[in-house]
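Engineer: Would you be able to build a 3D model of this:
(one chain, ligands or ions: 1)
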Amino acid sequence: MNLLRGIKRCGKMTYIISRQRSTVAASARPLTDNGKFDRPSIVTNEIPGPKTRALLERAAVVHNTGAINFFCDYEKSKGNYLVDADGNVLLDCYQQISSMPLGYNYPGFLDIYKDESSLVSVVNRAALGNFPPVNFTKDLETLLTVAPKGLTNVVTLACGSCSNENAYKALFMWYQRRQRGEEPLGSDQNIESCMMNKPPGSPNLSILSFSGAFHGRTLGCLSTTHSKWIHKIDIPAFDWPIADFPQLKYPLEEFKRENDAEEARCLAQVEELIERWRTKSPVAGLIIEPIQAEGGDRHASDDYFRKLRNIATKYDIGFICDEVQTGMAISGRFWAHDYWNLDKSPDIVTFAKKMITGGFFFSDEIKWKEGYRIFNTWMSDPSKFPILEHTLDVVKSEDLAARAAGVGEHLLSGLKDFERRYDFLSAARGRGTFCAIDAVDTNTRDSVVKTALSNGLLIGGCGEKTIRFRPSLIFSIQEADMALGILDDVMQKIAP
Ligand SMILES: Cc1ncc(COP(=O)(O)O)c(C=O)c1O
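Structural biologist: Reported below is the predicted structural model:
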């Protein structure tokens, strides 16, 4: 690898920029200007700075502030640069926990609300399930332009957790419909028993999930979330089956034999659990992330997912693919499960975050007839649909999936270089710009993330010791180089 080194000055901070000669062609160019920002700048001695600390103190009187990193100035933020309350300018490779597809204040997006019909949707928030605006069908059709193959229906919801929560319900309804056959849905026995949370109206069914998974924090989802105990403790949970997610070695291709064996073991366990739960609480379906994100950016092979899909088909149970974090082009394909080349699509694909709205796509088989079964007052925020429409236009016309693939390849090669040079780093991995590298332990990871922040780079942590990148889809090769340069400096400081 060819490393060209240079020194850049930025405010009080000096950092080394490592530039790798790129094999990536057109995707290298910045897609938009970042306003007046072309590098981070740190103006306080530490982050959080004094303004954030004062705001935190005030908020703490009435609010739990335990998870707040710092307050932000979204008016001043632009492109891939996030400005905090103290005026620090950060190169943002985390993008609101992976939920900003085009960075901050994308050109023209503020003008969207100068158009009265868009503004009307802000002022008059529709209860979408009952009183949708006249353009709602068009918005659904827009969403369906990016529907995974074979999934011709969509429901919109407010967030990732409610998308999964309602996907579980849809799956249970589908499962029971087939059990019930000709029997009416609202038989006296079903009505009486469901009102008392008892079978047969409230059946004993389960969703199979995987160790390390994250599917949200609402009550049903939480029973399928297994990434961190702090999310779960004190909260009652369903006793549902949990299969091991393959614990693989990276790079996947290099350890193919061991990884294949581990995946085979895990797949056999899935079948065994489906069998074992048959009498206790039959498995109506399973849910899986294409890359376990919150659980530590854990990957499995495309072959594993194909075989898992086949197991669901074999046992006639549903297959939910949770693309809340992996969806919308960041993986280098619009949906990360597009890599799998499935014979049969997932039955349900859930989305949120960069998709601007939550919701799920589903097959005709899953479709239910009755109103109010999957329902809530807002069912998404229709004032966001113009943003969704424009975002999808940009993602398609600029082929941002290909861009994420190219920039991601460049970012990953930089992380692999770190892995070779720093003993305390390992397992560089990624698809598109959905990239990660492991530190030796939690403390070292936390220290990398914190030191990077004080040097103007915002990255995230996940799992026990993983450093993760979730840049926007307009992240450029130049910005990837800048991020790598800052990190290189950070690693040198941290190296024992
Ligand atoms: C894979 C996955 N599913 C579901 C969720 C929950 O989404 P939300 O936080 O919008 O409820 C997340 C959030 O991080 C996620 O990463």
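Engineer: The spatially closest residue to residue 351 that is not a sequence neighbour is in what secondary structure piece?
Structural biologist: Sequence neighbours aside, residue 327 is the residue nearest to residue 351 in space, at 4.7 Å (criterion: Cβ to Cβ, 6 or more residues apart in numbering). All C-beta atoms are positioned from the backbone trio N, CA, C, and that covers glycine. Using DSSP states H and E, residue 327 falls within no helix or strand.
Engineer: Tell me who's in contact with residue 327.
Structural biologist: Residue 327 makes contact with 334, 335, 336, 349, 351, 353, 354, 355 under the criterion Cβ atoms under 8 Å, 6 or more residues apart in numbering.
Engineer: So among the residues you listed, which ones count as buried?
Structural biologist: Among the contacts of residue 327, those classed as buried by 16 or more other Cβ atoms under 10 Å are 334, 335, 336, 349, 351, 353, 354, 355.
Engineer: From those, pick the one nearest the ligand.
Structural biologist: Nearest to the ligand out of the buried ones among the contacts of residue 327 is residue 353 (Cβ to the nearest ligand atom; 6.3 Å).
Engineer: So that closest one is in contact with residue 161, correct?
Structural biologist: No. Using Cβ atoms under 8 Å, residue 353 makes no contact with residue 161, being 11.3 Å away.
Engineer: Quick check: the residue of this protein nearest the ligand.
Structural biologist: Counting by Cβ to the nearest ligand atom, the chain gets nearest the ligand through residue 160, at 2.1 Å.
Engineer: Residue 261 and residue 243, how far apart?
Structural biologist: Residue 261 sits 16 Å away from residue 243, going by Cβ to Cβ, to the nearest Å.
Engineer: Likewise for residue 408?
Structural biologist: 29 Å.
Engineer: what residue is smack in the middle of the chain?
Structural biologist: residue 325 (1.1 Å; Cα atoms, centre = their mean).
Engineer: one step back: who are the contact partners of the residue of the chain closest to the ligand?
Structural biologist: Residue 160 makes contact with 215, 216, 322, 324, 325, 350, 351, 352, 353, 358 under the criterion Cβ under 8 Å, 6+ apart.
Engineer: try it again with 7 Å
Structural biologist: Shown in contact with residue 160 (Cβ atoms under 7 Å, 6 or more residues apart in numbering): 216, 324, 352, 353, 358.
Engineer: Repeat that for residue 232.
Structural biologist: Counting by Cβ under 7 Å, 6+ apart, residue 232 touches 222, 225.
Engineer: can you count the residues close to the nearest residue to residue 276 once chain neighbours are set aside?
Structural biologist: Leaving aside its chain neighbours, residue 276 sits nearest to residue 241 (7.4 Å; criterion: Cβ to Cβ, 6+ apart). Neighbours of residue 241 under the rule other Cβ atoms under 10 Å: 20.
Engineer: Quick check: residue 241 touching residue 208?
Structural biologist: Yes. Counting by Cβ atoms under 7 Å, residue 241 does reach residue 208; the two are 4.7 Å apart.
Engineer: Between these two, which contacts overlap?
Structural biologist: 273, 283.
Engineer: Pull up the residues of the protein that are close to the ligand.
Structural biologist: Counting by Cβ under 6 Å from any ligand atom, the positions of the chain adjacent to the ligand are 159-161, 164, 214-216, 289, 293-294, 322, 324-325, 352.
Engineer: Of these, which belong to strands?
Structural biologist: In this view, the residues of the chain next to the ligand that belong to strands under DSSP state E are residue 322.
Engineer: so where's this structure shaky on pLDDT?
Structural biologist: The model of the chain has pLDDT under 70 over residues 1-35.
Engineer: Domains of it: list them as residue ranges, please.
Structural biologist: Domains of the chain are assigned by automatic domain parsing as 3-107+400-494, 117-396.
Engineer: Give me the more crowded residue out of residue 261 and residue 243.
Structural biologist: Per other Cβ under 10 Å, whichever of residue 261 and residue 243 has more neighbours is residue 243, with 22 against 12.
Engineer: which one of the contacts of residue 327 sits closest to residue 395?
Structural biologist: Set against residue 395, the nearest of the contacts of residue 327 by Cβ to Cβ is residue 334 (7.8 Å).
Engineer: If you drop the residues flanking it in sequence, what lies closest to that closest one?
Structural biologist: residue 401 (5.5 Å).
Engineer: The one you found: how many residues sit nearby?
Structural biologist: Around residue 401 there are 21 residues (other Cβ under 10 Å).
Engineer: pretty sure it is in a strand, no?
Structural biologist: No. If the criterion is DSSP: H, G, I helix; E, B strand; the rest coil, then residue 401 is helix and not within a strand.
Engineer: Please look at it and residue 328 and confirm they touch.
Structural biologist: No. The pair residue 401 / residue 328 is not scored as a contact, 8.8 Å apart, by Cβ under 7 Å.
Engineer: Now for the two: what residues contact both?
Structural biologist: With Cβ under 7 Å, 6+ apart, residue 401 and residue 328 have common neighbours residue 334.
Engineer: elements contacting the longest helix seen in the chain?
Structural biologist: Looking across the chain with DSSP state H, the single longest helix is helix 256-280. Where contact means 3 or more Cβ pairs under 7 Å, 6 or more residues apart in numbering; DSSP states H and E, helix 256-280 is packed against strand 206-210, strand 242-243, helix 302-314.
Engineer: Which of these sits closest to residue 39?
Structural biologist: Here helix 302-314 is closest among these (Cβ to Cβ), at 37.9 Å.
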